[in-house]
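In: pasting the sequence and the predicted model now:
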Amino acid sequence: KNEVEQSPQNLTAQEGEFITINCSYSVGISALHWLQQHPGGGIVSLFMLSSGKKKHGRLIATINIQEKHSSLHITASHPRDSAVYICAVSADDMRFGAGTRLTVKP
Amino acid sequence: DVKVTQSSRYLVKRTGEKVFLECVQDMDHENMFWYRQDPGLGLRLIYFSYDVKMKEKGDIPEGYSVSREKKERFSLILESASTNQTSMYLCASRTLQGVRAEAFFGQGTRLTVV
């Protein structure tokens, strides 16, 4: 069983929809990262959080340490949000989820 | 303001060649990592380093070695490249110290071994 599980694997949404991507992990962590990867592109760090909630523009990330669960929300989604979103956890090393492929249609 | 730099975006090497992938960070981070990313398998940890001259095996170290002689540079070495090492390689650096806790990722090196 992977230490970091993401759901869903694939997600298609219409422009303007509210989107939620979930991440569950099974190990003790120091921090959790949400990352974005565009096709053929490198990885960009969106958030690094160890408790509570962070917001950046239309993106919101939350984490519940007790439940070992985090969510990434995108409000008013746009086609340019189409990418793979990856959850990663920092413990002794960094471990990645398999990613969620998001497609936002106009 | 690129913070983690990988030496090449694209690389083509022949089977049996010795290959060096370089990663440099300018943030004085203690921890550095090498991953490979393959379709359907996600990002898998090859090696990581807590600090200078320190290294730890990840999940798939076979066929690879690493070097960290200076804090800012972490090199991944393919001693004798093989076709099954064709992949996207990603470097990352991290600090977990207090308010500076952050992680950054390189742009990736797409290596093709022919």
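Out: Yes, it's here. Residues are numbered from 1 along each chain as shown, chains lettered A, B, ... in the order given.
In: distance-wise, check the nearest residue in space to B:Lys18 that is not next to it in sequence relative to B:Gly16.
Out: Nearest non-adjacent residue to B:Lys18, counting by Cβ to Cβ, 6 or more residues apart in numbering or on different chains: B:Glu79, 6.0 Å away. C-betas here are computed from N, CA, C, even on glycine. Between B:Glu79 and B:Gly16 the distance is 10 Å, computed by Cβ to Cβ, to the nearest Å.
In: then A:Phe18?
Out: Taken as Cβ to Cβ, the span from A:Phe18 to B:Gly16 is 52 Å.
In: what about A:Arg80, neighbour count?
Out: 9 (other Cβ atoms under 10 Å in any protein chain shown).
In: err, B:Gly63, not the other one
Out: B:Gly63: 14 neighbours (other Cβ under 10 Å).
In: what comes up buried for stretch B:61-79?
Out: Of all the residues in stretch B:61-79, those buried under the rule 16 or more other Cβ atoms under 10 Å in any protein chain shown are B:Tyr64, B:Val66, B:Ser67, B:Arg68, B:Lys71, B:Glu72, B:Arg73, B:Phe74, B:Ser75, B:Leu76, B:Leu78.
In: for these, give me CSV that also has pLDDT and distance to B:Ser93.
Out: Below are the buried residues of stretch B:61-79 laid out as CSV (pLDDT from 0 to 100; distance: Cβ to Cβ, whole Å):
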residue, pLDDT, distance to B:Ser93
B:Tyr64, 98, 18
B:Val66, 97, 14
B:Ser67, 97, 15
B:Arg68, 97, 11
B:Lys71, 94, 10
B:Glu72, 96, 9
B:Arg73, 97, 10
B:Phe74, 98, 8
B:Ser75, 97, 13
B:Leu76, 98, 13
B:Leu78, 97, 21
